[in-house]
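In: sequence plus the predicted model coming up.
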Amino acid sequence: MSDPARLELARDLHDGIAQDLVALGYELDLLLGATESTVESRREIRGLRFKVDGLISKVRHEMYALRDPKVVTFQDALSQLIHEICGDLQVTASISHFSIPNSYQTELKAIATELLRNAKFHSRASHIEVLLRGVENRTYLEVSDNGVGGAQVNTSGLGRLGLVGVKERVEQLHGQLEIISTENGTRIKVVL
């Protein structure tokens with residue numbers, strides 16, 4: 001397909017189906033906000049909303065790929081980051097393709113980098129798990145390992161400051177950070 005044809009198709013997707021899906025998502029949000037909805041209908045509407053979000057992400061991904069086939073999604077960049085940092089370790093990655101706001105991507109990459117480096121260099125882990133998915137219009141990142149544990153946010157100002165930086169980045173984006181660390185390993189959850 002020629003470059004002009006690719007660009008035209010990307011514009012048509014953006015101006016057509018992408019806008020229609022976004023409008024449909026807003027209408028589903030309005031239905032969810034209706035106070036007369038039953039619990040069951042709200043559950044079904046929420047499920048439809050997730051499906052619409054998934055379709056929006058797929059259409060956006062295709063639009064970007066049509067505009068520049070070399071464009072790398074955040075998810076692709078995360079996969080590459082996992083390979084670069086964790087190289088020789090056993091890694092299980094479950095990375096969903098969904099739309100992540102551009103304003104989050106730089107910070108989220110820095111957070112993922114710190115969490116992966118901690119798991120590799122400080123935990124003495126042999127296995128790392130990475131989970132990235134969209135949950136209720138939010139971004140959920142989880143990094144866990146089977147290392148020695150002991151991860152905590154050091155607020156004393158002495159020693160390692162990596163998790164302090166992660167905490168600050170998460171707070172800056174009005175997100176949530178949860179650290180669960182035992183002698184059997186560490187699980188860190190970030191929701192933005």
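Out: That came through fine. Numbers count the residues shown, from 1 in each chain.

In: now stretch 39-56: buried residues?
Out: Ile45, Arg49, Phe50, Val52, Asp53, Gly54, Ile56 (16 or more other C-beta atoms under 10 Å). Every C-beta, even on glycine, is put in place using the N, C-alpha and C of the backbone.

In: any chance of those residues in JSON lines, with pLDDT too?
Out: Formatted as JSON lines, the buried residues of stretch 39-56 follow (pLDDT from 0 to 100):
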{"residue": "Ile45", "pLDDT": "87"}
{"residue": "Arg49", "pLDDT": "85"}
{"residue": "Phe50", "pLDDT": "83"}
{"residue": "Val52", "pLDDT": "87"}
{"residue": "Asp53", "pLDDT": "82"}
{"residue": "Gly54", "pLDDT": "81"}
{"residue": "Ile56", "pLDDT": "84"}
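
In: which residue ranges form the helices in the protein?
Out: Using DSSP state H, the helices found in the chain span residues 3-13, 19-33, 39-67, 74-86, 102-121, 162-172.

In: so can I have TSV of the ones you listed showing distance to Ala93?
Out: Output for the helices of the chain, formatted as TSV (distance: least, C-beta to C-beta, whole Å):
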stretch	distance to Ala93
helix 3-13	28
helix 19-33	27
helix 39-67	18
helix 74-86	6
helix 102-121	11
helix 162-172	19
